[in-house]
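1. I'd like to go over a predicted model; first the sequence, then the structure.
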Amino acid sequence: MKHLIIPVVAVSAILAFSQPLSTEEFSTLDREVAGLMDAWIRMSEDESSEATGVLEAGTAVLRAEAALEAALLCGTEELPPEVKSSWVNYLKSSADCILVFRQTVGSSDTSSMEDVLIASFARWETSGGEFLESVQSTR
């Protein structure tokens, strides 16, 4: 029981200092996850410089993960329920893109993973549009 109290206190402290969700957080996350697809396209087009592609992909993943972490810390208490729900869906699809991108880049058979990656990005793009629509509908 003593071990459970520490994480609960830590999470409560983080939430107490969280900033409300802003357009900057959404834009940053959106840009960095889109950067994953840009890195994938450059990697697949320029196979002559594999080391550079892997370095760029790694950097893109780190940037996307940092943006996701910042977005996860945003407070959503002030959001209407439909906006909050679409924001959570957007965060999930962003996390999925990061995970699938990591798996694809690390895979020995990237061609078989490419369809999975493209489907993940399609879901992410759809959820981003749904989030923006939900925000616009509440204005």
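-> That came through fine.

2. Helix or strand: which one has Trp124?
-> helix 110-137 (DSSP states H and E).

3. Tell me which other helices or strands that helix touches.
-> Under the contact criterion of 3 or more CB pairs under 8 Å, 6 or more residues apart in numbering; DSSP states H and E, helix 110-137 touches helix 23-45, helix 81-106. Backbone N, C-alpha and C define where each C-beta goes, glycine included.

4. Nearest to Thr138, out of those helices?
-> Closest approach to Thr138 among the helices and strands packed on helix 110-137 (CB to CB): helix 81-106, 5.9 Å.

5. List the buried residues for the closest one?
-> By neighbour count on 16 or more other CB atoms under 10 Å, the buried set for helix 81-106 is 83, 86-87, 89-91, 93-98, 100-102, 104-105.

6. ok, now which ones touch Leu68?
-> Going by CB atoms under 8 Å, 6 or more residues apart in numbering, Leu68 touches Leu29, Glu32, Val33, Leu91, Ser94, Ala95, Ile98.
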